[in-house]
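Here is my input, please return the structure:
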Amino acid sequence: MSRSDLLQYLCYPSYNRECVERRVLELEGAGVAEVAGLVGRGHSSVVLEVVLASGERAALKVLRTDSKRADLLTECEIARRAYPISPRVLKCGRHYILMELVRGVPVAEALREPERRLPLVLKTLSAGRGLDVLKVDHRELGRAHKHVILAHGGKIKIVDYESATTSEYPRNLCRLTSWIYNTLPNLKPQSEVLELLREYKKAGEDLRREVFREIVRHIAPVLEKSA
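The predicted structure follows:
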């Protein structure tokens, strides 16, 4: 894809020259030197790989020109709050979020290897639990195959906070546990875990910590047997 084609994604899908030039100037001020590639397109934004003036690679989320959202400022603040489960946010503007570029594979893909399931499931659940502690409710983790990445180096990263909100009772752990049961073959929901999840939803933070340990204690042996 040519440089001019990539620059047009700064104002996707309108490809308005004036809009592109305006956003290029804004991003140059934020330290972006080059648009290097297209990472993905969503219904309200586009994610690009960029090169910073320092030479570092980063991810750039840009608001689509036809989006119903006024800006990306709320998402930026929630993504900052969600770090280190989220990618590190570098800079934000009304129409962009500049952040750490996460390289890796979807955790759903990595879970296809039976010998990796136990550590990956525990890491994934711990990431969901981490967001709960930070009072961030992602709200899209029922489709974790789109949002949970096993990054190079082995860390779990949860991306895309477009629908996220802050909450006193976030349910990331609950949604991820349900997703894992629905995703892994031969892993049937355990009545004990389902009851613990119901308790977790209503519990305060101190009790949630204990319930999480109990959930892991029930799930781990089942995963070991299925490996």
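
Which stretches in this structure count as helices?
Using DSSP state H, the helices of the chain run over 3-8, 17-29, 73-82, 107-110, 117-133, 172-183, 191-202, 205-226.

quick one: which of those helices is nearest L150?
For the helices of the chain, distance to L150 was read as Cβ to Cβ. The smallest value, 4.7 Å, belongs to helix 107-110. Every residue, glycine included, has its C-beta placed from N, CA and C.

quick revisit: in CSV, list the helices of the chain along with mean neighbour count.
Output for those, formatted as CSV (neighbours: other Cβ atoms under 10 Å):
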stretch, mean neighbour count
helix 3-8, 14
helix 17-29, 14
helix 73-82, 19
helix 107-110, 19
helix 117-133, 20
helix 172-183, 21
helix 191-202, 15
helix 205-226, 14
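
Out of those, which is closest to Y161?
Comparing the helices of the chain by Cβ to Cβ, helix 73-82 comes nearest, at 4.6 Å.

What lies in contact with the closest one?
Residues outside helix 73-82 that contact it (Cβ atoms under 8 Å, 6 or more residues apart in numbering): 86-87, 89, 92, 94, 97, 99, 131, 134-136, 138, 158, 161-162, 164-166.

Dump the helices of the chain to CSV, plus distance to G37 and mean pLDDT.
Converted to CSV, these look like this (distance: least, Cβ to Cβ, whole Å; pLDDT from 0 to 100):
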stretch, distance to G37, mean pLDDT
helix 3-8, 7, 84
helix 17-29, 15, 93
helix 73-82, 21, 98
helix 107-110, 20, 96
helix 117-133, 26, 97
helix 172-183, 29, 96
helix 191-202, 40, 95
helix 205-226, 36, 92
